[in-house]
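Visitor: for reference, the sequence and a predicted model appear below.
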Amino acid sequence: MKVYDGSQTAQTSTPERIKVGIAEYDVSTNGATLSTSGLGSCIGVALHDEESGVSGLVHVMLPVAEEVNGGNPAKFADTGVETLVRELEDHGADRSSMVAKIAGGSDMLDFSKNGSGIGVRNANVVEETLSELDIPIVGEDIGGDHGRSIRLESETGDLIVKSANRDSKRL
Amino acid sequence: MNVDIQSLGTFNQLAHEGAEQATASMSQMTGIDADVDVTQITLMDRGDVGEALDEQAFVGVEFDFAGELSGQTALVLDEACSETLTNALLPGDAGGEMAKSGVEEIGNIMMSGFIDGWADYLETTIEHSPPTYVEGIGKEILPTAGDTMADDQVFVFKSEIEWVDASVDFYIYMLPDQDSLTELMADHADAESDAIPVDKLHVFNRMTQQGTRQAAENVSMMTGIDVEAEVSQINFARIEDVPKQVGTGRYVGTAVEFTGLPSGFLLVLFDETSAKNAAEALMPTGVEGEELTDQHTAAIEELGNIMTSGFVDGWANVLQTSIDHTPPRLVHDMGRAIIDPLAAQVGQHQDHAFVIDSRMRTDDVEFESEIYALPNDEELREALEELAVERAEETDADPEELFQ
């Protein structure tokens, strides 16, 4: 995990761009743009705390950490959200002023025969975990049968959602 | 010689951490931020190693290493990347010899970190030679095969390193001596379960190559475009790294779930230009405009179906199992978003996955197609075990016979 607090970067007029990979997260305290691409059934969870100016993005792949033995908390919806919240707090954010925006969770190419597909379950677990942490979801673009790429402008907390066959949305 | 899935996972993780350590050393030296994007172990023909490197000039450094694990390793940079690195290290005029010594110095620091990481884990000493500066076009940059033949199958470790600010080619390759690697894997294997005999994995890779050739022939027959199977390999990667195997652009293709032994998913993908060219070869009349129409995607669906059947039937023949598949579902979306749900579905049961990656292309028109198969790893192991028991003679024989 890398954290960008401005001290490591050269001064430039355009905000720094940080790519967040699958099962990864990143936090920015300097207005950087955080982006992640190729969300199918995966979900991108963006958190923003206006007051402290701290933002973060996590790209989760599977619903619940218990289902699989794996060492990487950012891979799962429950532990991924919890980890990101903790990281924001460690960088000076306050949970009570955090808001969340979420995108992804498509059910494209879901071959599940019984019950809900992974995209739906990912979305449910993200929503439940945020609710348990009392963080409101103020914007979402979830479900459907198409992929998405997202960009969090951490200066404003705006989340831009691009899809292959649709116009981009600003949440 | 057997390898077990757990030790493949461990070795993959080890290579990943080694690459991370190497990248951190480089970042510290130059102040340039970079991340290890993906690390995978690939079983492939020795002659295909380096297929990911474009036909362009690369520079790098190479080492031999020896000890409990022996072989060669190389750091490979494209020219733009090496210029940026040496400028960061030696600001100002860093041309010619200076650039070369800059690359050598960075290479030395990175690769020492990489090798030390392995030695630490293995609790042993691995000696390495001084760095040798190398230049070459495409895969020529990599160490030569020595006494290995071009069609010998080898395990190769490859890490792709991505800059935070730009997309630049930057790779660490590790080509272990195969005997030394398989012995080491066997030492670290869990004797109880999970073992896949390496020679069966080799046979399976050959089968997959045959399946790809069959699929390519089907495409040629249908379209009249002379298509050739190009590369076929088995990658082993963390589930979260599976989607990174597909490009970031948009693709058209088909996906199926297959059931039987093994079960899993199979994806046939065409980039949009290839999709258009392949589809139009199937259409009776020409099509105006650049857009992909419903006619194009219908043709791709048909093509995907034919390719899938050829491929899956090939497996079933060899494994002597019955493998069924669902009707193909058409997809047209961002490549990584297409494979992401398939990787997630496999990832519900396993941390790592085998990804069978086959490509075909032609020089006649711009056409490239990729086939990805994601089998359940436990079932693949079982299927290969069966193969060992019941089909030993056939598998020792020429796999081509099985595809007649």
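Guide: Happy to help now that I have it.
Visitor: return the residues in contact with A:H59.
Guide: A:V20, A:G21, A:I22, A:A23, A:E24, A:Y25, A:T36, A:L39, A:C42, A:I43, A:G44, A:A74 (C-beta atoms under 8 Å, 6 or more residues apart in numbering or on different chains). Glycine gets a C-beta too; all of them are placed from N, C-alpha and C.
Visitor: ok, B:T124 touching B:S70?
Guide: No - B:T124 is beyond contact range of B:S70, at 11.4 Å (criterion: C-beta atoms under 8 Å).
Visitor: these two: which is more packed in?
Guide: The neighbour count for B:T124 versus B:S70, taken as other C-beta atoms under 10 Å in any protein chain shown, is higher for B:S70 (17 against 12).
Visitor: give me the element the residue positioned nearest the centre of chain A is part of.
Guide: Per C-alpha atoms, centre = their mean, the C-alpha nearest to the average position across chain A is that of A:V45, at 2.0 Å. Here A:V45, judged by DSSP states H and E, is contained in strand A:43-49.
Visitor: could you check the angle strand A:43-49 makes with the helix or strand following that strand?
Guide: Scanning forward in sequence from strand A:43-49 by DSSP H and E, the next helix or strand is strand A:54-60. Here strand A:54-60 runs at an angle of 170 degrees relative to strand A:43-49 (axes from the mean of the first three to the mean of the last three C-alpha atoms, to 10 degrees).
Visitor: what residues does chain A have near chain B?
Guide: Neighbours of chain B within chain A, by C-beta under 8 Å from any C-beta of the partner chain: A:2, A:8, A:17-19, A:21-23, A:37-42, A:61-62, A:67-70, A:72, A:75, A:106-112, A:117-119, A:146-149, A:164-165.
Visitor: try 7 Å
Guide: A:18, A:21-23, A:37-42, A:61-62, A:67-70, A:75, A:108-111, A:118-119, A:146-149, A:164 (C-beta under 7 Å from any C-beta of the partner chain).
Visitor: helices of chain A, start to end?
Guide: A:77-90, A:118-132 (DSSP state H).
Visitor: quick one: mean pLDDT for the last one?
Guide: What that stands for is helix A:118-132. Averaged across helix A:118-132, pLDDT comes to 94.
Visitor: could I have it exported to PDB, CA atoms only?
Guide: This file holds the C-alpha atoms of helix A:118-132, laid out as PDB (Å, rounded to 0.1, in the frame of the first residue of the first chain):
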ATOM      1  CA  ILE A 118     -21.300 -12.700  -7.300                       C
ATOM      2  CA  GLY A 119     -22.000  -9.100  -8.400                       C
ATOM      3  CA  VAL A 120     -25.200  -8.900  -6.400                       C
ATOM      4  CA  ARG A 121     -23.600 -10.500  -3.300                       C
ATOM      5  CA  ASN A 122     -20.600  -8.200  -3.600                       C
ATOM      6  CA  ALA A 123     -23.000  -5.200  -3.600                       C
ATOM      7  CA  ASN A 124     -25.000  -6.500  -0.700                       C
ATOM      8  CA  VAL A 125     -21.900  -7.100   1.500                       C
ATOM      9  CA  VAL A 126     -20.500  -3.600   0.600                       C
ATOM     10  CA  GLU A 127     -23.800  -2.000   1.600                       C
ATOM     11  CA  GLU A 128     -24.100  -4.000   4.800                       C
ATOM     12  CA  THR A 129     -20.600  -3.300   5.900                       C
ATOM     13  CA  LEU A 130     -20.900   0.500   5.200                       C
ATOM     14  CA  SER A 131     -24.200   0.500   7.100                       C
ATOM     15  CA  GLU A 132     -22.600  -1.200  10.100                       C
END
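Visitor: and for residue 41, the neighbour number?
Guide: All of this refers to chain A. A:S41 has 29 nearby residues by other C-beta under 10 Å.
Visitor: my question was about chain B
Guide: Residues near B:I41, counting by other C-beta under 10 Å: 22.
Visitor: could you measure from the residue lying closest to A:F76 once chain neighbours are set aside over to B:K244?
Guide: With C-beta to C-beta, 6 or more residues apart in numbering or on different chains as the criterion, A:F76 has its nearest non-adjacent residue at 4.1 Å, and that residue is A:A65. As judged by C-beta to C-beta, to the nearest Å, A:A65 and B:K244 stand 22 Å apart.
Visitor: give me the residue from chain A nearest chain B.
Guide: A:G147 (2.3 Å; C-beta to the nearest C-beta).
Visitor: excluding its backbone neighbours, what's nearest that residue?
Guide: B:A337 (2.3 Å).
Visitor: can you list contacts of the helix or strand containing B:S232?
Guide: B:S232 is part of strand B:228-238, with elements assigned from DSSP H and E. Contact with strand B:228-238 is made by B:8, B:12, B:38, B:40-44, B:48, B:51, B:201, B:205, B:208-209, B:212-213, B:216, B:245, B:351-362, as judged by C-beta atoms under 7 Å, 6 or more residues apart in numbering or on different chains.
Visitor: CA-only coordinates of it in CSV, if you can.
Guide: Provided in CSV are the C-alpha atoms of strand B:228-238 (Å, rounded to 0.1, in the frame of the first residue of the first chain):
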residue,chain,number,x,y,z
GLU,B,228,-2.4,-19.9,-37.3
ALA,B,229,-2.2,-21.0,-33.7
GLU,B,230,0.5,-18.9,-32.3
VAL,B,231,1.2,-19.3,-28.6
SER,B,232,-0.3,-21.7,-26.2
GLN,B,233,0.7,-21.7,-22.6
ILE,B,234,-0.5,-22.5,-19.1
ASN,B,235,-0.2,-19.6,-16.7
PHE,B,236,-0.5,-19.9,-13.0
ALA,B,237,-1.4,-16.7,-11.1
ARG,B,238,-3.2,-15.3,-8.2
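Visitor: which outside residues touch the strand holding A:V45?
Guide: A:36, A:55-60, A:77, A:80-81, A:84-85, A:88, A:93-94, A:97-105, A:122-123, A:126, A:150, A:152, A:154, A:157, A:159.
Visitor: quick check: PyMOL command selecting the buried ones in these.
Guide: One line in PyMOL is enough to select the buried ones among these; burial here means 16 or more other C-beta atoms under 10 Å in any protein chain shown:
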select buried, chain A and resi 36+55+56+57+58+59+60+77+80+81+84+85+88+93+98+99+100+101+102+103+104+105+122+123+126+150+152+154+157+159
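Visitor: list the contacts for the nearest residue to A:D49 once chain neighbours are set aside?
Guide: With sequence-adjacent residues excluded and distances taken as C-beta to C-beta, 6+ apart, A:D49 is closest to A:A93, at 3.8 Å. Contact partners of A:A93, counting by C-beta under 7 Å, 6+ apart, are A:D49, A:S52, A:V54.
Visitor: B:D226: which of the residues you listed is nearest?
Guide: Set against B:D226, the nearest of the contacts of A:A93 by C-beta to C-beta is A:V54 (57.3 Å).
Visitor: per-residue confidence at that closest one?
Guide: At A:V54, pLDDT is 94.
Visitor: tell me if I'm right that it and A:G92 touch.
Guide: Yes - between A:V54 and A:G92 there is a contact under C-beta atoms under 7 Å: 5.7 Å.
Visitor: which of those two has more neighbours?
Guide: A:V54 (26 against 13).
Visitor: show me what stretch B:370-380 is in contact with.
Guide: So stretch B:370-380 is in contact with B:5, B:212, B:215, B:245, B:261-269, B:307, B:311, B:339, B:342-343, B:346, B:349-350, B:353-359, going by C-beta under 7 Å, 6+ apart.
Visitor: now do the same end-to-end measure for it.
Guide: 21 Å (C-alpha to C-alpha, to the nearest Å).
Visitor: quick one: buried residues of it?
Guide: B:E370, B:I371, B:Y372, B:A373, B:L374, B:P375, B:N376, B:D377, B:E379, B:L380.
Visitor: so is the first one in a helix, a strand, or just coil?
Guide: In other words, B:E370. Using DSSP: H, G, I helix; E, B strand; the rest coil, the structure places B:E370 in strand.
Visitor: can you tell me how far it is from chain A?
Guide: 15 Å (C-beta to the nearest C-beta, to the nearest Å).
Visitor: got the confidence number for that residue?
Guide: 88.
Visitor: one more: the fifth one?
Guide: pLDDT, the model's per-residue confidence, is 91 for B:L374.
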